[in-house]
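**Q** my questions are about this predicted structure, shown below with the sequence.
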Amino acid sequence: METKDYLHMLVHQIHTVVVATIDELGLPMTCAIDLMDHDANSVYFLTAQGKSFYMRLKQHPYVSLTGIRGDTTMQSAALTLHGKVREVDASHQQQLFAKNPYMYDIYPSEASRQAIRVFQLYEGCGEWFDLSRRPIERASFSFGTSPKADSGYFVTAACDGCGRCAEVCPQACIDIAHSPVRIDQRHCLRCGNCHVVCPQDAIRKEGSA
């Protein structure tokens, strides 16, 4: 899938996400929000100016959010975004309310909607993690102007092909037919077993694996 497909899924199929911000003491805070809309490279959400969530967004304009779909753990898939946010023009409010009419039940009058502020998560990275597939599936992507960052465990030229890593891989995603061996990042749990058991210290961790 392309970035726009993941963002569409997050807004229209998952919709409610848990978002993490930083408070005035530098401590993490979470809350649940609804994502209201998206375009090809960003998502939009609302909050009220008087809420502490609004204050946190203004003081530290960076968030991480995760949404999950599926009825049970082994039927679930998760989408995570992390990146920069900014308050955008209030003219977006009418469009977002029109696309999410239940908001009129929460803020029924025009006067009550004066407190609403619109935010855009416009630049960052994302990850898709699907436990419902066998083997598991994962994918990374970027949006806005952020470059796609590689993360996970990668095999270096120090590998001697002993196969110890493949023995402890829970998803059987290490191909020992190659030298050095290859880890299929699409199915890797990033548990780190391969890194721990490698006698040659040939497997390195990159990014936020």
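**A** On my side now, so go ahead.
**Q** please enumerate the helices of the chain.
**A** Along the chain, counting by DSSP state H, helices occupy 3-9, 52-59, 92-99, 103-106, 164-167, 193-197.
**Q** would you turn the ones you listed into TSV with mean pLDDT, distance to Gln75 and mean neighbour count?
**A** (Glycine included, C-beta is placed from N, CA and C.) Formatted as TSV, the helices of the chain follow (pLDDT from 0 to 100; distance: least, Cβ to Cβ, whole Å; neighbours: other Cβ atoms under 10 Å):
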stretch	mean pLDDT	distance to Gln75	mean neighbour count
helix 3-9	96	16	17
helix 52-59	98	30	16
helix 92-99	96	28	15
helix 103-106	97	30	13
helix 164-167	97	28	18
helix 193-197	97	25	17
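**Q** right, so of these, which gets closest to Pro135?
**A** Counting by Cβ to Cβ, Pro135 lies closest to helix 164-167 out of the helices of the chain; the figure is 13.4 Å.
**Q** quick one on the thing from earlier: among the helices of the chain, which comes closest to Leu131?
**A** Nearest of the helices of the chain (Cβ to Cβ): helix 3-9, 15.6 Å.
**Q** list the residues that contact Ala149.
**A** Shown in contact with Ala149 (Cβ atoms under 8 Å, 6 or more residues apart in numbering): Cys125, Ser140, Ser142, Gly207.
**Q** out of those, who's the most crowded?
**A** Counting neighbours by other Cβ atoms under 10 Å, Cys125 leads the contacts of Ala149 with 21 neighbours.
**Q** doesn't Gly144 make contact with that residue?
**A** No. At 9.5 Å, Cys125 and Gly144 do not qualify as touching, with contact defined as Cβ atoms under 8 Å.
**Q** domains in this protein, by residue range?
**A** With domains defined by automatic domain parsing, the chain comprises 3-143, 152-206.
**Q** the inter-axis angle of the longest strand anywhere in the chain versus helix 92-99?
**A** Assignment by DSSP state E gives strand 116-130 as the longest strand of the chain. Angle of strand 116-130 versus helix 92-99, following axes from the mean of the first three to the mean of the last three Cα atoms, to 10 degrees, is 60 degrees.
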